[in-house]
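Peer 1: no sequence on this one, just coordinates:
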Ligand code: NAP
């Protein structure tokens, strides 16, 4: 028997557990630990609530969690309830799948003003992450700015624009649904420091903006490069840029109350306001031949009482684990961080790619682990789950196991508004209580 611990129950953690489970069958115990009492990480708290088809991958992870030898242990805090050193003592290998849950800071003047919010917090708020249940973003303002030209910026702009009816079938949490229904926001400016050819938005997600009930996307045709230059783009990017061209050609739709305005070639310089965000100061940029942006010296302001920065995420460091502060993730070589210690997913690669990108990651690390501990090799002398259970019990830590989570899930499904899949509980205490019922 071999013993493995996977830290983090998002996509990267589950694909790794799946790969280990397939490799070792019943010859390994695989414990998946999570700080929160609920599994699925990014699937539950990152993927947009109106993108349920993407969230459906959780069914695959459920199968993994219910496989022989696999346990989910929620409510176990690495660094609080158990340390990396202790895990390495009990398990043959430890795989960090802790994701990149913290916002990369804008690092411009005024980025700490009230009303300036990172996307991890804002997305966490509408997705019911317990850490952000009390965020209360200011929605009593007419203008919002979304900084960044990636898919998260699109998610945020779309969620800010939707009517309550458009959230039918989603699992947006009640507090966000209510706040958004009463939102005064009418203009959402999406600020990109480079141009239409440099966006990091995928076509399906960008195309959704063209079908909103109460909002229209606006693109200034003058920002678009000559159409024949689109042939230099890869097919996906070409489709995305075509959406921008279509938005520009359609022009503003006065019949809809909200506008999503794309402001390209605009580099944020500062956020200003009297005690709270009121406007973003940007500098007009031009592209160099290599596609990077340089400031032209021309500045202007964009009104914004809410500023959501969607400029990427970082992995928080763990004491004793090699970390690259510039890249905001664990230092590793092909997933290997140190002796018997590995990283997968965003904690390994940084915050890029789709959910599926984590699959090969997990499988590759499982192969490395199998090379070190051949499945039909000698059994481990480490204590494995029994050792961890004793340690956690001695510290008064009561993990939430997968069967406990299934009780939470049943309660959330039972509480769903008509037409919606679930009503998430947003307080850790409530989640734990539901798990014990
Ligand atoms: P991203 O794709 O890396 O986009 C980040 C954006 O922020 C880029 O446009 C970048 O511009 C900009 N940016 C970075 N630093 C900036 C600064 N200091 N000032 C102004 N702009 C700045 O990251 P993301 O949107 O957070 O998405 C993370 C990953 O999740 C991506 O792989 C994304 O595709 C994926 N995702 C997918 C979906 C979906 O498929 N539905 C939904 C959400 C997220 P530059 O290009 O100029 O650096």
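Peer 2: Ah, there it is. Being a predicted model, the structure only gives us computed values, none of them experimental.

Peer 1: For stretch 142-156, measure first residue to last.
Peer 2: 16 Å (C-alpha to C-alpha, to the nearest Å).

Peer 1: Counting neighbours, which bits of that stretch end up buried?
Peer 2: Of the residues in stretch 142-156, 143-156 count as buried by neighbour count, 16 or more other C-beta atoms under 10 Å. Heads up, the C-betas are built off the backbone N, CA and C, glycines and all.

Peer 1: Any idea how far that stretch is from the middle of the chain?
Peer 2: 14 Å (C-alpha atoms, centre = their mean, to the nearest Å).

Peer 1: Establish whether that stretch and the ligand are in contact.
Peer 2: Yes. Contact of stretch 142-156 with the ligand (C-beta under 6 Å from any ligand atom) involves 147-153, 155.

Peer 1: what's the spacing between residue 43 and the ligand?
Peer 2: Counting by C-beta to the nearest ligand atom, to the nearest Å, the gap from residue 43 to the ligand is 12 Å.

Peer 1: oh sorry, the question was meant for residue 322
Peer 2: Applying C-beta to the nearest ligand atom to residue 322 and the ligand gives a distance of 23 Å.

Peer 1: Over to residue 400?
Peer 2: Taken as C-beta to the nearest ligand atom, the span from residue 400 to the ligand is 27 Å.

Peer 1: Run a quick neighbour tally on the closest residue to that residue other than its chain neighbours.
Peer 2: Counting by C-beta to C-beta, 6 or more residues apart in numbering, residue 400 lies nearest to residue 74, which is 3.7 Å off, once chain neighbours are set aside. When neighbours are defined as other C-beta atoms under 10 Å, residue 74 has 23 of them.

Peer 1: so who does residue 74 touch?
Peer 2: By C-beta atoms under 8 Å, 6 or more residues apart in numbering, the contact list for residue 74 reads 9, 33-39, 399-401, 404-405.

Peer 1: Name the nearest residue to the residue in the stretch 51-200 of the chain positioned nearest to the ligand, ignoring sequence neighbours.
Peer 2: Closest approach between the stretch 51-200 of the chain and the ligand, counting by C-beta to the nearest ligand atom: residue 150, at 2.3 Å. Nearest residue to residue 150, sequence neighbours excluded (C-beta to C-beta, 6+ apart): residue 200, at 4.0 Å.

Peer 1: Now do the contacts for that neighbour.
Peer 2: Residue 200 neighbours (C-beta under 8 Å, 6+ apart): 149-151.

Peer 1: Just the pLDDT for it.
Peer 2: pLDDT, residue 200: 98.

Peer 1: Phi, psi for it please.
Peer 2: phi -110, psi 40 (degrees, to the nearest 10).

Peer 1: for the stretch 201-350 of the chain, what spans make up the helices?
Peer 2: In the stretch 201-350 of the chain, the segments counted as helices under DSSP state H, counting those that start in this stretch are 203-207, 235-250, 346-349.

Peer 1: Most tightly packed of those helices?
Peer 2: Highest mean neighbour count among the helices of the stretch 201-350 of the chain (mean count of other C-beta atoms under 10 Å): helix 346-349, with a mean of 28.

Peer 1: Which helix or strand lies directly C-terminal to it?
Peer 2: helix 358-372 (DSSP states H and E).

Peer 1: Tell me which residues are up against that following helix.
Peer 2: Contacts of helix 358-372 (C-beta under 8 Å, 6+ apart): 4, 10-20, 22-24, 92-93, 95, 97, 334-336, 340, 342-345, 348-349.

Peer 1: Name the nearest residue to residue 224, sequence neighbours excluded.
Peer 2: Nearest residue to residue 224 in three dimensions, chain neighbours excluded: residue 196, at 5.5 Å (C-beta to C-beta, 6+ apart).

Peer 1: what sits against the one you found?
Peer 2: Counting by C-beta under 8 Å, 6+ apart, residue 196 has contacts 219, 223-225, 241, 244, 264.

Peer 1: Contacting the ligand as well, which ones from those residues?
Peer 2: With C-beta under 6 Å from any ligand atom as the criterion, these include none near the ligand.

Peer 1: what's the closest of these to the ligand?
Peer 2: Comparing the contacts of residue 196 against the ligand with C-beta to the nearest ligand atom places residue 264 closest, at 10.5 Å.

Peer 1: what's near enough to touch the closest residue to that closest one other than its chain neighbours?
Peer 2: Spatial nearest neighbour of residue 264, excluding adjacent residues (C-beta to C-beta, 6+ apart): residue 223 at 4.4 Å. Residue 223 is in contact with 195-196, 248, 262, 264-265, counting by C-beta under 8 Å, 6+ apart.

Peer 1: ok, now residue 345?
Peer 2: Contacts of residue 345 by C-beta under 8 Å, 6+ apart are 8, 10-13, 15, 97, 99, 358, 361-362.

Peer 1: distance between stretch 53-70 and the chain's centre?
Peer 2: 19 Å.

Peer 1: do stretch 101-114 as well
Peer 2: 17 Å.

Peer 1: mind checking pLDDT for residue 372?
Peer 2: pLDDT, residue 372: 97.

Peer 1: Kindly report the same for the one 10 residues further on.
Peer 2: We note a pLDDT of 97 for residue 382 in this prediction.

Peer 1: need the contact list for it.
Peer 2: 3, 89-92.

Peer 1: And it, which helix or strand is it part of?
Peer 2: Here residue 382 is assigned to no helix or strand, by DSSP H and E.

Peer 1: can you pull out the strands in the stretch 51-200 of the chain?
Peer 2: With DSSP state E, counting those that start in this stretch, the ranges of strands along the stretch 51-200 of the chain come out as 70-73, 93-96, 102-103, 116-118, 143-147, 187-191.

Peer 1: could you dump those to TSV with distance to residue 288 and mean pLDDT?
Peer 2: Formatted as TSV, the strands of the stretch 51-200 of the chain follow (distance: least, C-beta to C-beta, whole Å; pLDDT from 0 to 100):
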stretch	distance to residue 288	mean pLDDT
strand 70-73	49	98
strand 93-96	37	98
strand 102-103	28	97
strand 116-118	28	98
strand 143-147	21	98
strand 187-191	19	98
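
Peer 1: could those strands go into TSV alongside distance to residue 412?
Peer 2: Formatted as TSV, these follow (distance: least, C-beta to C-beta, whole Å):
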stretch	distance to residue 412
strand 70-73	16
strand 93-96	28
strand 102-103	26
strand 116-118	26
strand 143-147	29
strand 187-191	30
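
Peer 1: Which one, of the ones you listed, ends up nearest to residue 391?
Peer 2: Residue 391 lies closest to strand 70-73 among those, at 11.8 Å (C-beta to C-beta).

Peer 1: what's that closest one packed up against?
Peer 2: Counting contacts by 3 or more C-beta pairs under 8 Å, 6 or more residues apart in numbering; DSSP states H and E, strand 70-73 packs against strand 28-33, helix 58-65, helix 402-414.
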